[in-house]
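>>> Quick one, fold the following:
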Amino acid sequence: MHLIVYFDYTCPYSYHAAVWLPRVTAVEHDLTIEWRPFVVKEVNRPEGEGAPLWEQEAAVHTRTGLAFLAGEAAARQGGDAADRFRSLLQAAFHAQHLDIRGPGVLEGLAHEARLDVARFEGDRRNTRLLSEVGRSHRDAVASYGVFGTPTLVFPNGRAAYTKLADAPLETAAPHLFEHLRELVGEHHVLQEIKLTQPEGA
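Numbering: from 1, shown residues only. Model prediction:
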């Protein structure tokens, strides 16, 4: 089974999914995951007001732009190393609370992910790579109506925005995924579930 996941590096819910889903693939070996970029900031930008992030020259000076550019540079090396870099970069944001604009931070993550660091450093200076982020974002909206991250797209083409308070434990992770797969895959009348929360909870 091939699952597409639209994510944003700066989104904590995307990070929870990045912890959760490998716990599922550790049990379900036929499940493969393709992570695709989606810029949450763009959802709230009024139409016609300013340029999208992937067209802004100054975007590379922001944490969001820098993260997506680094992610695309890593993706050019393909395979498991690029996926390790994505996971490490998400953890740098949300578990270690690092400022990725700091000297040597991204280079260190690339080294830890066992990328070709020299190639990575060269590629991430190519701001045109952000156009790939724009292509992915636009396709997400046009093809699946994505509005937030993480959004999981199942093989039947149905997509589900899945907001987790935290990543489930290893024992619970596959069960949660199976329940979600059943809801999305088999119950086509279901359009939305939103859990309510009492005041002050």
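>>> When you work out contacts or count neighbours from here on, use the C-alpha atoms and nothing else.
Noted.
>>> For this structure, just list every one of the helices.
Along the chain, counting by DSSP state H, helices occupy 12-25, 63-75, 79-94, 105-112, 117-123, 130-144, 173-186.
>>> got a list of contacts for the first one?
Just to be clear, that refers to helix 12-25. Applying CA atoms under 8 Å, 6 or more residues apart in numbering, the external contacts of helix 12-25 come out as 7-9, 31-32, 87, 90-91, 94, 149-150, 163-170, 173-174, 177.
>>> hang on, the earlier thing: from the helices of the chain, which stretch is densest packed?
Most buried of those, by mean neighbour count (mean count of other CA atoms under 10 Å): helix 63-75, with a mean of 23.
>>> Which strands or helices does it pack on?
Contact partners of helix 63-75 among helices and strands, from 3 or more CA pairs under 8 Å, 6 or more residues apart in numbering; DSSP states H and E: helix 79-94, helix 117-123, helix 130-144.
>>> got the angle for the first one vs helix 105-112?
Taking axes from the mean of the first three to the mean of the last three CA atoms, to 10 degrees, one finds helix 79-94 and helix 105-112 inclined to each other by 140 degrees.
>>> Is Gly185 in contact with Gly157, as I believe?
No - using CA atoms under 8 Å, Gly185 is not in contact with Gly157, being 9.1 Å away.
>>> Tell me, how many residues neighbour Asn126?
Residues contacting Asn126 under the criterion other CA atoms under 10 Å number 13.
>>> State the distance from it to Glu55.
13 Å (CA to CA, to the nearest Å).
>>> and the residue lying closest to Gly65 once chain neighbours are set aside, what is it in contact with?
Closest residue to Gly65 apart from its sequence neighbours, by CA to CA, 6 or more residues apart in numbering: Ala59 at 4.8 Å. Taking CA under 8 Å, 6+ apart as the criterion, Ala59 is in contact with 53, 65-66.
>>> And the pLDDT for Glu199?
We have a pLDDT of 77 for Glu199.
>>> Apologies, that question was intended for Phe68.
Taking Phe68 on its own, its pLDDT is 97.
>>> Can you pull out the low-pLDDT segments for this protein?
200-201 (pLDDT under 70).
>>> center of it - which residue?
Most central in the chain under CA atoms, centre = their mean is Phe7, positioned 2.2 Å from the mean C-alpha point.
>>> For Ala172, see how far away that residue is.
22 Å.
>>> just Tyr15 next, same as before
17 Å.
>>> do the same with Arg135
On the measure of CA to CA, Arg135 and Ala172 end up 35 Å apart.
>>> Check Leu98 too.
29 Å.
>>> for Gly145, same thing?
29 Å.
>>> Likewise for His61?
Taken as CA to CA, the span from His61 to Ala172 is 39 Å.
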